[in-house]
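1. Model the following, please.
(chains A and B)
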Amino acid sequence: MNNRLNNLEEESIYIIRETYAKFKKPGMLWSIGKDSTVLLWLARKAFMGNCPMPLVHVDTTYKIPEMLEHRDRLLKEWGLKLLIGKNDDALLAGVGPEQGRLECCGALKTEAFRQTVEKHGFDAVLLGIRRDEEKSRSKERIFSVRNPNFEWKYKEQPPEIWNQYNTDFPPGSHVRVHPLLAWTEIDIWEYIEQEKIPVVTLYFSRHGKRYRSLGCWPCTQPIQSDAINIREIIVELRSIGKSERSGRAQDQVDAFAMQKLRVKGYM
Amino acid sequence: MGNNNSTTIPEMTVVFLGHVDHGKSTMIGRLLYDAQQVPSDRIEFARTRSAEQGRSLEFAYLLDGLEEEQAQGITIDFTQTRFSTENRAFILADAPGHREFLRNMLSGASQAEAAVLLIDAGEGAREQSRRHGYLLTLLGVKQLAVVINKMDIVNWNKDIYHSIVDEYTSFLSSIGFVAQNFIPAAGYMGDNVIKPSPQMPWYSGPTMSEQLELFLPVDQHSMPLRLPVQDIYRFGSRRLLGGRLETGVIKEGQPIVIWPTQEKSTVKTIERWPQPTINTATQGQNVALELNDPLFSERGMVVSSPEEPPTVSRAIYVRIVWLGNQPLLPKQRCKLKLGFQETGAWVEKLDRVIDIGNLEDAISDSIPAGFVGEGVIMTDQPIVFDSFADNPSMGRFVLVEGSQIAGGGIILAPAEQQQTESFARANHRLIYPTVGNITREAREQRNHHRAHIIWLTGLSGAGKTTIARKLEEKIFQRGYQTYVLDGDNVRTGLNKDLGFSLNDRKENIRRIAEVAKLFTDAGIIVITAFISPYQEDRAQARALFAQDDFAEVYIKCPLAVCEQRDVKGLYKKARNQEVHQFTGLDDIYEEPRQPDIIIETDKNFVDACVDKILQHVGLCSNGLENS
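-> As a prediction, this is how the structure comes out:
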């Protein structure tokens, strides 16, 4: 067994258990992608095969159909509870990527997520983001407070010293918990392989292309790849010269697009 | 992207520290760039951003991810990045150098096992160079390399390099720290980063990347079992104790004690998923335990083995670094978190406030942000802990002010004295006696030295008390447990029923020997300072101890010299018949026949006498330290 993966797994389980112990109503965001599916698997490990926290899926209505099929299959097989969040007003008003990518993300993802958190009264939400994904995510804390306006005050983050996290917070705010912050893309794939975790087949090559990162279909482009299984994906990632989110259109809008999205509450 | 990390040495976190703008991010960026471990689109991004500002490639932009960081050319918050050499894998943590971002620096550094501290060759050591160096000792980071960076701007001058090295070396030694290596480098130019610098042929030590390979993970030898209870999980009628092993090993069937209630049980099963149960769990593993007895348990309790108990106390002697917006005042209430324990706490007594930017004691009755304080903290509830020196993960805590972590600290020792003073009126017991049969060996192991008795004998005025006190001081300063038994503390209490008749004198020595034996059982180096004139009594005392434990020290001084000294005026009283049966005058002193050491106090200075004793009992050659 891989020493690094063991350490990452133990650290993540520790964080997931800490969230469950310290918060009244924690939830877990599940985008059906590889990272949040690993997060879900780790939660089952933390609680002896159960996931005692509800899962939240933000539905933008632009998700690739195969992802939804995969979601419903695992829900049944693993006996999970899922809450679906949607920004109905924005959808009715016809918000979509053609109005501007950042505006679309803001309305259909961030605002839908905010409404869901508010509606169900979550005081903590577990998310599968990683430091190596993108520059502003590399600055995140493991327990990261969002104020009542859902904003991330990245210049005023309290310290996380040793394994002590900030689990107290002012009323109205909620805490984002990031158990996978220290994982890399390759770690995720090696862990999926080691644990035999089922993932959406969109990640594997078809006709010379595969998805490296999954999001909404209008803004997610597959990459050139012949990797048809996990082993080949890992080999490919070791030699590839591009960052993971290079196929995600909203990141490319300007140099600090993701930082700007995330300050306003984006995942 | 990282290489295959199929190495035998586990991945290690190394933090990069130092004063603002001394080149931390640039050094890491250059390491990654030279090792070709940055994705090409990230290099393109950094190149474009650099060009927009009229610069060639800024290596720091490979790391500093926030817009403000790049615009201002500083690191605000720490970031971590993976780096690998042919043989090793690392996580490099880039910490900010501004004083106002100290909390971010600590967040980054608290994960690290080793540190690289950068000093600008043009500027020399500055305030944060020293502050960061000091904080490493508080974080328990013991491996350090110092890079004298930007050597290009001082024309690769060897003398400038050496003067900075000398200055910082003496700073480090003043805080009891030694750097593994000093490296002259130019991060931006790539000199001594991965490739040796052609500009500095006078330097033959490791490059930055070679130095990383010299850092080795801390060897976690067998530590006592500590399983802090994180949560209780209920499955039907079963109750499982969830938690991660901070240190040690736990086995199915083994006896355990839960603290602070000290209830005992045995481990029924150790559970993980998907495998149903495992026989043994080791340090770092998250487990769920089922016990054989339904004892009371809740988050915050600590499971230990019966043989190696933790300490429980409401008063602790601590060293704190404060990060709050307002200074921490004595008696100000805040929350202390240690492991999963949370309790109200306050600083009861502040002994020192240290400005770690210049290492001077600050004249202050509170701890300002970025300063370190030493003193006593009292807690509402007893806390379960070990001293930081014994078990770092059980000896460190954070202080929470309002809803934010605003300080971190380490426990130097329990502060029992303090709690009895402050809580004398309270009837409840504040220190819980340790349970079970704690052996002398276990105590010695914890103390990191052997117990011993140093029996001083000699005439009144020969210098026993002086030497005993000096011995005690020197041994104590080494961090060892020691205590002096002499007439002042024995005759006035334990033996106040005894006079100076022959029988009483014999009984006096017998009791002293027995008490000394209890002290050695307690793991302490005990020094006795009594005339103990009779050979038979000394032989009886010696018989109570193992040969290796007992050293008879003859404090030899001619009677005439002793009488001339007559520190207590006793010889004069004896000559005037005010005192009777006085040893040396009207009672005999039987010279030791085969003392372990003879100290002639009329011929040597006190320090030389003391050193000779220390040497004999092995305290100079580390003989009393556990092997």
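2. Next up, phi/psi of the closest residue to chain B within the stretch 101-250 of chain A, please.
-> Per Cβ to the nearest Cβ, the residue of the stretch 101-250 of chain A with the smallest distance to chain B is residue A:135, at 2.8 Å. C-beta here means a position set from N, CA and C on the backbone, and glycine is covered the same way. Backbone torsions of residue A:135, given as degrees, to the nearest 10, read phi -60, psi -40.
3. Show the pLDDT at it.
-> On pLDDT, residue A:135 comes in at 71.
4. Relative to residue B:171, how far out is residue B:23?
-> The gap separating residue B:23 from residue B:171 is 19 Å, by Cβ to Cβ, to the nearest Å.
5. now do residue A:137
-> Relative to residue B:171, residue A:137 is positioned 37 Å away (Cβ to Cβ).
6. Neighbour count: the two, which is higher?
-> A count of neighbours by other Cβ atoms under 10 Å in any protein chain shown puts residue A:137 above the other of residue A:137 and residue B:171, at 20 against 17.
7. Count the neighbours of the closest residue to residue A:123 other than its chain neighbours for me.
-> Nearest residue to residue A:123 in three dimensions, chain neighbours excluded: residue A:23, at 4.9 Å (Cβ to Cβ, 6 or more residues apart in numbering or on different chains). Residues within reach of residue A:23, counting by other Cβ under 10 Å, total 20.
8. list the contacts for residue A:23?
-> Contact partners of residue A:23, counting by Cβ atoms under 8 Å, 6 or more residues apart in numbering or on different chains, are A:123, A:124, A:167, A:175.
9. mind checking pLDDT for it?
-> At residue A:23, the predicted lDDT confidence score is 93.
10. what's the residue closest to the geometric middle of chain B?
-> Nearest to the geometric centre of chain B sits residue B:389, at 3.2 Å (Cα atoms, centre = their mean).
11. How confident was the prediction at residue A:158?
-> 79.
12. Relative to residue B:515, how far out is the residue nearest to residue A:123?
-> For residue A:23, the distance to residue B:515 (Cβ to Cβ) stands at 55 Å.
13. Residue A:197 touches residue A:41, doesn't it?
-> Yes: contact criterion Cβ atoms under 8 Å: residue A:197 and residue A:41 qualify, at 5.1 Å.
14. Among the two, which residue is more densely surrounded?
-> Between residue A:197 and residue A:41, residue A:41 has the larger neighbour count (other Cβ under 10 Å), namely 20 against 17.
15. how near is the more buried one to residue A:204?
-> 19 Å.
16. how about the residues of the stretch 51-200 of chain A near chain B?
-> With Cβ under 8 Å from any Cβ of the partner chain as the criterion, the stretch 51-200 of chain A meets chain B at residues A:131-132, A:134-136, A:138-139, A:141, A:154-155, A:157-162, A:164, A:166, A:168-170, A:182, A:184, A:186.
17. do that again at 7 Å, thanks
-> Applying Cβ under 7 Å from any Cβ of the partner chain, we find that the stretch 51-200 of chain A lies next to chain B at A:131, A:135-136, A:138-139, A:154-155, A:157-162, A:164, A:166, A:168-170, A:184, A:186.
18. So which of those are in strands?
-> Here DSSP state E is the test, and these give no hits in strands at all.
19. Mind checking which of these are buried?
-> With burial judged by 16 or more other Cβ atoms under 10 Å in any protein chain shown, the buried subset of those is A:131, A:135-136, A:138-139, A:154, A:157-162, A:164, A:166, A:168-169, A:184, A:186.
20. so where's the stretch 301-450 of chain B uncertain?
-> B:417-437 (pLDDT under 70).
21. nope, the stretch 101-250 of chain B is what I meant
-> B:219-221.
22. Which residue ranges of it form strands?
-> For the stretch 101-250 of chain B, the strands defined by DSSP state E, counting those that start in this stretch occupy B:114-120, B:143-149, B:181-184, B:227-228, B:231-235, B:238-244, B:249-251.
23. possible to save those strands as JSON lines with distance to residue B:218 and mean neighbour count?
-> Below are the strands of the stretch 101-250 of chain B laid out as JSON lines (distance: least, Cβ to Cβ, whole Å; neighbours: other Cβ atoms under 10 Å in any protein chain shown):
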{"stretch": "strand B:114-120", "distance to residue B:218": "9", "mean neighbour count": "26"}
{"stretch": "strand B:143-149", "distance to residue B:218": "8", "mean neighbour count": "25"}
{"stretch": "strand B:181-184", "distance to residue B:218": "18", "mean neighbour count": "22"}
{"stretch": "strand B:227-228", "distance to residue B:218": "20", "mean neighbour count": "26"}
{"stretch": "strand B:231-235", "distance to residue B:218": "28", "mean neighbour count": "16"}
{"stretch": "strand B:238-244", "distance to residue B:218": "18", "mean neighbour count": "21"}
{"stretch": "strand B:249-251", "distance to residue B:218": "17", "mean neighbour count": "19"}
